[in-house]
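K.L.:
Can you look at this prediction? I've put the sequence above it.
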Amino acid sequence: MDREISLVVDGASHAVTVDSRTTLLDTLRERLGNTSPKKGCDHGQCGSCTVLLDGRRHLTCLALAIAYDGSEVVTAAGLGADEPHLVQRAFLEHDGYQCGYCTPGQVCSAVGMLAEAKQGHPSHVTEDLDAAVELDDAELRERMSGNLCRCGAYPGILAAVRRAARG
Amino acid sequence: MTEQQTRTISPRSIGTSLDRVDGREKVTGTASYAVEHADVNGTAAPLSLWLVTSTVAKGRITGVDASKALAHHGVSAMLDHTSAPRLAQTDNAELAILQDDRVGFRGQVVALVLAETSEAAREGAALVEVTYEQEPHEAELREDNATYRPDKVNPDVETDTDEGDVDAALAAADVVVDQTYRTPYEHNNPLEPHATLAWWEEREGREVLSMFDSTQGVHGVVQALAPMLGLENDQVRVRAPYVGGGFGSKGEAHAHVMAVALAARTTAGRPVRLAVTRQQMFSLTGYRTATISHVRLGAGRDGRLTAIEHAVQEQTSVVREFAEQTASPTRMLYAAPNRRTSHRLAQLDVAVPSWMRAPGEMPGMYAHEVAMDELAVACGLDPIVLRERNEPDLDPETGKPFNDRRLLDCLHRGADRFGWSTRPAGPRARLEGDWWVGTGVASATYPAMRQPGNQARVTALDGGRYEVAIGSVDIGTGARTVLTQIAADALEVEPSDIDLAIADSLLPSATVAGGSSGTSSWGSAIVAAAQLFREDHGAHPDPGVHTTASAADDPAAEDYAFHSFGAVFAEARVNRWTGEVRVPRLHGVYSVGRVINPRTARSQLVGGLVMGLSAGLFEESHRDPRFGHVVTQDLATYHVASHADVLDVDAEWLEESDEVFTPMGSRGIGEIGIVGTAAAVANATFHATGVRVRSLPLTPDHFLDA
Amino acid sequence: MRALDHRRPATAQEAVDLVARHPGATFLAGGSNLVDHLKLGVASPDVLVDVRRLPLDGIERVEGEDGAVLRIGANVRNSDLAAHPVVRSRFPVVARALLAGASGQIRNQATTAGNLLQRTRCVYFQDVTTPCNKREPGTGCSALEGYGRYNAILGASPDCVATHPSDLAVGLAVLDATVVVLGLEGERRIPFDELHRLPGDRPGADTTLARSDLVTAVELPLDPDVHRSTYTKVRDRASYAFALVSVAASVRMEEGRTTDVRLAWGGVAHKPWRARRAEAALAGQQITEDAVRAAVDLELETTTTNRDTAYKVAMLRNTTVMTLLDLAEEASR
């Protein structure tokens, strides 16, 4: 069943026709030509398709586009449209990637994660749930664990996110 | 094209951490991977392809009903074995899909669905009804069915070896370790699925097939496909500008590439794209066989080995043979006068196994290095001392001297750095809070390989710039960056003066990005072309002049055995209640020749360590023998290491240069990080708990009695 | 042609009526499980009734007949629930359970009700090429003699050995939560323990809800007494993995003895397993390793295991001991 929806992607408004089964990921990649979010597993198990959706980090492979009519999407391409974002510069500096396929998702996830931490969201490894969040390495690793990297660039990614967390 | 004897080049850019030349594209996601290429061959958007795969493990197809699929909105066509284009050759049965009604394994491609969108293709594929006449199948590797002796094992080495009298030496040995070690099926799982975009067109009266493919070798895909499709090699063009990891699984073309080629042949020039689903990757894109290693070590009380036996049982597919060289490292690692190795396979009705990072060395060294740890315990020796006592003077396999064997240097450097000397001798000596703490070590080794068949072309451009062209592929290793550095140093210019052209089969021929041979093979060709270019055209060439060359082997290379070495140190913590294992420290020290780019090299070696850690702790594909396919066929049930699992993982290397092996002095670094790593972790868990686990992965259930 | 319609009703009642009217309709909330199932072919609805934007996203204190409750809207995101200050301070077991599940991204998407109603991750349930009684009644259970690492050891039937995958559900099980449900007959309240069911000979039904019942909220009693609670999850990977076993516990102690102890297990049954026999054995007792072991073993008398699941007994016993010892120490501070 086709329906037209509207999306703002990386600052640009789009009207796009999608099937009710079309995911936000396929809408971005195959309808709008924005292949910055990657399809690694298509089942919410790798994090490669992460974008900022209405301001929060979000998978796009498990989101039906039709349910997100009117939403705003920011991809890693949008984050680095003019100059690389602070997080992207840190990934470059610390070689937080190899093949690059999980990287845009890692970048968006890191941006969203740092915002969550700023809002005081706890994590699985937060010892005192009532205390303010301190982003030590264990916290950063846990909070980034929804983004798999098969190249094993985790130490570089950690260094990059640690750098970005300092601001 | 000329074969050029190369001279060692002076490192200028080599040895520096030049930024990745493609970094910005990667961190923004604007680098385009295979099916992300838009606007090819005219304006029509590509059709989406979906694979329909068999739901029986063995038998024949009796019917394919596509009526419901074709009625689905957006579905345009279905191809099966009765309607797909015929192939000119079918020798490679893995690639010869849709040519007959036979089913050789569960998950085999039995039909193709083409549609306007990927979701329509997926729905259409689900609506295709295939009926089968099922036959009994065998899909379980057991000790009693792994009896077939292959002629050779991968890549082309002896199946069995036998020197001296192993049985007599074992009978006479003071100390014997006699154990069986098992590794599970493992899947490469690069994050970018195998994906291909292809279209056919006519050029100058000839059919031409063009592809963007996620592959480790564009020329290899051409060579595999062209003859099967009845084409000359120059009628197929394959490009792979960005590849989202491969780890061996993209080393050879698999069936999906042929599926796209066949489907695109029916669409009158309209491009066809396919991304294999993550689930289908568990059947169609290669994997590492499970292995059973029967290891017997005989030694004197001083730990000196008198006999080594490594009898391997593993499996292959009846569809196409692949025999993992699991006992291969056992043939050269330690000195012993009596040694026997063998490989026996079960021939199963299963998906086709293939290369996965360090085929042979990974499972083989796991078994061998855990056995060595057991021998150290049995002899009451420190594991490093045991290895010192078994250091050979010559390569035990070939009898040649090693060009540069620095295993002990790696062990000693790593021991210093890791603080090995403070290690308690016995197991189960440290309990910190709820965690048993221990440390382990293992050796690593990987053969250094330079592949024949590489050529590079150097062309002078305006303004003192040079185009350097070779059809190699950067699968994330940093090849695009390090080849730029090699080219710059070989031409004695700045890296910024190099326009590197890679990843296109129209470029000079390059071998696969695999076997840790890429940089050595391609880099040597680039050096050859650059040096010949300078000889022919001097320091101030006219724009447009060019030279193509390949590198001749160093005649001295015949006299040596070339291997890289390393030592892996792991600290393991095992929760005394839950059995969960954490690895707070994992350090590798490597002897790999000269490191071209410390930044990308560190990422390569650390990436190997992480994959070895992942194999050690988590990875296991569970095949259900009743059905014949892997049922843990996604990334939720096939666990690979996550951020939270990777703590202090680091790699360093010895300063050295192997100038006999390559003119750059380098040897290759892609595989060695995964070798020995699982053994080091396993040995650390034994030291922590006193529980010796002889199978991978080291999941918590093994340690509940600890 | 497999058409799939998408409707966005304006009210919860309209949503219930829509699903009731269309036999092939199903609710769509966060979608993190349903969209997965659409692609796998595990679910094939013809109408998606999208409730994601219904205003069921508040967390508020409500004075009820039996005292105050914290009312959590069905659409509250898992991450927002875990971050809520009252949840963190009063119901750490809820925050801990949520944070032990999935990933940051998925917790931003998944809803409270959706989390409770997610379906098993049994590999055969998710693979439509294999028999599964839960997916297709009467076809047989592939897991019974197949890959069994995540199978149930308590309350399973010959028809189904699946486990419920939710962490949150295990946490809520020890809080005596109430599930607020809107049905064709209006609103009703279900004790949490009665939401999920054991498979018996109808493994297709995960819960006691009717097809058109919509969970609108979960209510947690705001007991004036402070209970210490926590959640421990054991998994193969340190993060982003389903439980091998998990333990939710809530304890109140006075003078070194329990005055209230509640225990629930995840990863072992078709529903969160409230370990009431173990609780009874620990009532009024000191929490010692031996006492907990004995209590757990009492609860585990009815366990059925095979080669693949045998480990769960020791893992569950050990993990329960560890969790309760830690909690008792915290409660006595």
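P.N.:
Right, received. Where do you want to start? Numbers count the residues shown, from 1 in each chain, chains lettered A, B, ... in the order given.

K.L.:
Figure out the helix or strand that residue B:519 lives in.
P.N.:
helix B:518-537 (DSSP states H and E).

K.L.:
Any buried residues in that helix, and which?
P.N.:
Using 16 or more other Cβ atoms under 10 Å in any protein chain shown as the test for burial, helix B:518-537 gives B:518-534. For the C-beta atoms, the positions are set from N, CA and C on the backbone; glycine is no exception.

K.L.:
Ok, stretch C:205-216 next?
P.N.:
Result for stretch C:205-216 [16+ other Cβ under 10 Å]: buried residues C:206-207, C:209, C:212-216.

K.L.:
distance between the ends of that stretch?
P.N.:
19 Å (Cα to Cα, to the nearest Å).

K.L.:
so how far is that stretch off the chain centroid?
P.N.:
Taking Cα atoms, centre = their mean, to the nearest Å, the mean C-alpha location of stretch C:205-216 is offset from the chain mean by 14 Å.

K.L.:
again with stretch C:298-308
P.N.:
On Cα atoms, centre = their mean, the centre of stretch C:298-308 falls 21 Å from that of its chain.

K.L.:
got the CA positions of it in CSV?
P.N.:
Coordinates of each C-alpha in stretch C:298-308 appear next as CSV, following Å, rounded to 0.1, in the frame of the first residue of the first chain:
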residue,chain,number,x,y,z
LEU,C,298,13.1,-26.1,46.7
GLU,C,299,11.9,-24.0,43.8
LEU,C,300,13.9,-26.0,41.3
GLU,C,301,12.5,-29.3,42.3
THR,C,302,10.2,-29.3,39.2
THR,C,303,13.0,-28.4,36.8
THR,C,304,13.3,-30.3,33.5
THR,C,305,16.7,-30.0,31.8
ASN,C,306,18.6,-31.6,29.0
ARG,C,307,22.2,-31.5,27.8
ASP,C,308,21.9,-28.0,26.6
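
K.L.:
Could I get the average pLDDT for it?
P.N.:
Stretch C:298-308 carries an average pLDDT of 95.

K.L.:
Stretch B:451-459 now?
P.N.:
96.

K.L.:
and the gap between the residue in the stretch 201-333 of chain C that chain A sits nearest to and residue B:642?
P.N.:
Chain A sits closest to residue C:239 of the stretch 201-333 of chain C, with a gap of 3.6 Å, by Cβ to the nearest Cβ. To residue B:642, residue C:239 is 5 Å away according to Cβ to Cβ, to the nearest Å.

K.L.:
so what sits against both of those two?
P.N.:
residue A:145 (Cβ atoms under 8 Å, 6 or more residues apart in numbering or on different chains).

K.L.:
can I see the domain layout of chain C?
P.N.:
Taking automatic domain parsing as the reference, chain C has its domains at C:5-50, C:228-332.

K.L.:
measure the longest one end to end?
P.N.:
Right, domain C:228-332. 10 Å.

K.L.:
With chain B in mind, check whether that domain reaches it.
P.N.:
Yes - using Cβ under 8 Å from any Cβ of the partner chain, we find that domain C:228-332 touches chain B at C:232, C:234-242, C:244, C:311, C:314-315, C:318-319, C:321-322.

K.L.:
dump the residue contacts of the residue of the stretch 201-333 of chain C closest to chain A.
P.N.:
A:124, A:141-142, A:145, B:642-645, C:103.

K.L.:
Pop out the phi and psi values for the nearest residue to residue B:290 once chain neighbours are set aside.
P.N.:
Closest residue to residue B:290 apart from its sequence neighbours, by Cβ to Cβ, 6 or more residues apart in numbering or on different chains: residue B:185 at 4.8 Å. For residue B:185, the backbone dihedrals (degrees, to the nearest 10) come out as phi -60, psi 140.

K.L.:
Is there a neighbour count for residue B:185? I'd like the number.
P.N.:
24 (other Cβ atoms under 10 Å in any protein chain shown).

K.L.:
wait, doesn't it sit right on residue B:630?
P.N.:
Yes - Residue B:185 lies in contact with residue B:630 (Cβ atoms under 8 Å); the separation is 6.7 Å.

K.L.:
Need the overlap of contacts for those two.
P.N.:
Listed as contacting both residue B:185 and residue B:630 by Cβ under 8 Å, 6+ apart are B:287, B:621-623.

K.L.:
Can you say which two of those residues are spatially most distant?
P.N.:
Farthest apart among those by Cβ to Cβ are B:287 and B:622. That separation is 12.1 Å.

K.L.:
out of these two, which sits in the busier spot?
P.N.:
Each of residue B:287 and residue B:622 has its neighbours counted (other Cβ under 10 Å); residue B:287 has more, 27 against 18.

K.L.:
residues touching the more buried one, list them.
P.N.:
B:185-188, B:249, B:351, B:353-354, B:356, B:621, B:630.

K.L.:
Out of those, which sit inside strands?
P.N.:
residue B:630 (DSSP state E).

K.L.:
out of the contacts of residue B:287, which is most surrounded?
P.N.:
residue B:351 (31 neighbours).

K.L.:
can you tell me which residues contact that one?
P.N.:
B:105-108, B:282-284, B:287, B:317, B:629-630.
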